[in-house]
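Trainee: Provide a 3D model corresponding to the input given below.
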Amino acid sequence: MSYTTYLVGGAVRDRLLGYPHDEHDWVVVGATPEQLLDAGYTPVGQDFPVFLHPKTGEEYALARTERKSGVGYGGFTFHTSPDVTLEQDLQRRDLTINAMAMDDQGQLIDPYGGQADLQARILRHVAPAFVEDPLRVLRVARFAARYHHLGFQVAAETLSLMRELARSGELQALNAERIWKEISRALMERNPEIFVQTLRDCGALVELLPEVDRLFGVPQPEQHHPEVDTGIHQLLVLQQAARLELPLAARWACLLHDLGKGLTPEEHWPKHHGHEKKGLAAVKAVNQRVKAPRECQELALLVCEYHTHCHRALELRPETLLKLFKAFDIYRRPERFEQFLGACQADAQGRTGLEDRPYPQADYLRKAAEHARAVSVQPLLEQGLQGAELGKALEKSRLHAVAAFKTD
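Mentor: Here you go, the predicted structure:
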């Protein structure tokens, strides 16, 4: 029995868009698992038959249909057999632009109008079964973030189905790993703020990240924040984080840095005294709920607590600067401090009309940190100092170095 392979999904979509891509997914129609095993493919799929090509290592999945059988992303039973057609396999996909295939002659197979939607810049669901998979809410929001700069928008009827999913409670059934995978990928897109905005537009943000959703409608002092609304500020900070090409941990910290402002009693608005410390419990809760990697968790907590220190860097006393450096462990973790400075710059420039204002605080702290790091422990060891005495003397030498830098 002969079988046919087709290039599907993202590779087809991005090839038609002229968008850079490096992953290739394939669907095999008319084959049994035994045939692929005999041809040297390696099985890797747990829930349904997926195989790795013996030479390229790319994924080849047997054409399949699926039926809802439970809740959440994993609540499906799959049917694969040689008689499942390519059209049936494509129909179970999320968006029309992801439901196209290409044969080995480069011929496009497009049963659900994906190419027309690509040209119209529309993210539209393939079939009503879209509502059976809650993960699709996050995926569509991520595609909205990826292709926003090309003019893509979510179709009104698709947004309506996303609202239905958000209301259904099914988002709560998604496991933390799946949620984090989508969030982390979305944060690294060109317009991560559109991911958050799209989730908010369909009511999913309050289900997944209520602490972030709570920021919308909370005012800040207009002289510092011309955009006033803390939620809008959060979106602008993410926009700047992408512009500055910050790494994932810094972008995650940008998203969570102001959670404390969502906890300010209304009678104190628009001021938010102590929001840095107040926000720590909320950041911790989000970190744990989505099981963010340790590096992301640590930086998010540090940025939440110390971002206003960075903004006021030029006013800080040498002792305070040293405490800041100690909190970040700049002597062993210089890259973490660099990410902190990037997140703080994104925060300072993520304000309406202030996107291009200089941020000298970052360079100032970089130089102060260099002076602290330049202090050598060797002369102190040669004096015979050790243990607590050595620690105190080292701290004192660093304090002198930072104080000398400040008076230069």
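Trainee: quick one, strands of the stretch 151-300 of the chain?
Mentor: For the stretch 151-300 of the chain, the strands defined by DSSP state E, counting those that start in this stretch cover 153-154.
Trainee: and the stretch 1-150 of the chain, by the same measure?
Mentor: Along the stretch 1-150 of the chain, counting by DSSP E, counting those that start in this stretch, strands occupy 4-8, 25-29, 42-43, 50-52, 59-62, 64-68, 76-80, 101-102, 108-109, 122-123.
Trainee: closest to L161 out of those strands?
Mentor: strand 122-123 (11.7 Å; Cβ to Cβ). Where C-beta positions appear, they are placed from N, C-alpha and C, glycine not excepted.
Trainee: just checking, what packs against that closest one?
Mentor: If you count contacts as 3 or more Cβ pairs under 8 Å, 6 or more residues apart in numbering; DSSP states H and E, strand 122-123 packs onto helix 135-147, strand 153-154.
Trainee: hmm, which helix or strand of the protein has the shakiest average pLDDT?
Mentor: strand 76-80 (a mean of 69; mean pLDDT, DSSP states H and E).
Trainee: count the residues that sit near V131.
Mentor: 18 (other Cβ atoms under 10 Å).
Trainee: please enumerate the helices of the stretch 301-408 of the chain.
Mentor: 318-328, 334-349, 360-374, 378-382, 387-407 (DSSP state H, counting those that start in this stretch).
Trainee: can you list the residues that contact the longest one?
Mentor: Read that as helix 387-407. 318-319, 321-322, 325, 367-368, 371-372, 374-375, 377, 380-381, 383, 385 (Cβ atoms under 8 Å, 6 or more residues apart in numbering).
Trainee: and the closest residue to K278 other than its chain neighbours, how close does it get to R336?
Mentor: Once flanking residues are discounted, K278 sits nearest to G260: 3.8 Å by Cβ to Cβ, 6 or more residues apart in numbering. Distance, G260 to R336, using Cβ to Cβ, to the nearest Å: 21 Å.
Trainee: higher neighbour count, these two?
Mentor: Taking neighbours as other Cβ under 10 Å, G260 and R336 compare with G260 leading, 24 against 17.
Trainee: verify the contact between that one and K277 for me.
Mentor: Yes. When contacts are counted by Cβ atoms under 8 Å, G260 is listed as touching K277 (7.2 Å).
Trainee: picking that back up, lowest average pLDDT across the strands of the stretch 1-150 of the chain?
Mentor: Least confident of these, judged by mean pLDDT, is strand 76-80 with a mean of 69.
Trainee: and the nearest residue to E305 once chain neighbours are set aside, what does it touch?
Mentor: Among residues not flanking E305 along the chain, E276 sits closest, at 5.2 Å (Cβ to Cβ, 6+ apart). Counting by Cβ under 8 Å, 6+ apart, E276 touches G260, C304, E305, Y306, H307, T308.
Trainee: show the pLDDT at the closest residue to H224 other than its chain neighbours.
Mentor: In space, not counting the residues next to it along the chain, H224 is nearest to R351; the distance is 7.5 Å by Cβ to Cβ, 6+ apart. On the pLDDT scale, R351 is placed at 96.
Trainee: now do the same end-to-end measure for stretch 371-388.
Mentor: Start-to-end span of stretch 371-388 (Cα to Cα, to the nearest Å) is 22 Å.
Trainee: from L280, how far off is the residue lying closest to L209 once chain neighbours are set aside?
Mentor: With sequence-adjacent residues excluded and distances taken as Cβ to Cβ, 6+ apart, L209 is closest to V286, at 6.4 Å. Between V286 and L280 the distance is 11 Å, computed by Cβ to Cβ.
Trainee: please say which of those two ends up with more neighbours.
Mentor: For V286 versus L280, the count of surrounding residues by other Cβ under 10 Å is larger for V286: 20 against 16.
Trainee: show me the contacts for the more buried one.
Mentor: Neighbouring residues of V286 by Cβ under 8 Å, 6+ apart: L209, E211, V212, L256, L259, A292, A300.
Trainee: as TSV, those with pLDDT, neighbour count and distance to R243 would be great.
Mentor: Formatted as TSV, the contacts of V286 follow (pLDDT from 0 to 100; neighbours: other Cβ atoms under 10 Å; distance: Cβ to Cβ, whole Å):
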residue	pLDDT	neighbour count	distance to R243
L209	97	22	22
E211	98	21	25
V212	98	22	20
L256	98	27	19
L259	98	27	22
A292	98	23	23
A300	98	27	20
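Trainee: how deep is the nearest residue to P20 once chain neighbours are set aside tucked in, by neighbour count?
Mentor: Spatially, and ignoring its direct neighbours in sequence, P20 is nearest to D14 (7.1 Å; Cβ to Cβ, 6+ apart). Residues near D14, counting by other Cβ under 10 Å, number 18.
Trainee: also E132?
Mentor: E132: 18 surrounding residues under other Cβ under 10 Å.
Trainee: how close does it get to G384?
Mentor: Using Cβ to Cβ, one gets 72 Å for the distance from E132 to G384.
Trainee: ok, P270 next?
Mentor: In this view, P270 and G384 are 57 Å apart by Cβ to Cβ.
Trainee: so the two - more neighbours on which side?
Mentor: Neighbours of P270 and G384, each counted by other Cβ under 10 Å, are more numerous for P270; the result is 16 against 8.
Trainee: return the residues in contact with the more buried one.
Mentor: P219, Q220, P221, E222, V228.
Trainee: for those residues, pick the one with the most neighbours.
Mentor: Q220 (24 neighbours).
Trainee: isn't that residue up against G262?
Mentor: No. Contact status for Q220 versus G262: not in contact, 11.5 Å apart, counting by Cβ under 8 Å.
Trainee: between the two, what contacts are shared?
Mentor: Counting by Cβ under 8 Å, 6+ apart, the shared contacts of Q220 and G262 are T230.
Trainee: show me where pLDDT drops low in the protein?
Mentor: Applying pLDDT under 70 to the chain flags residues 1, 46-48, 67-78.
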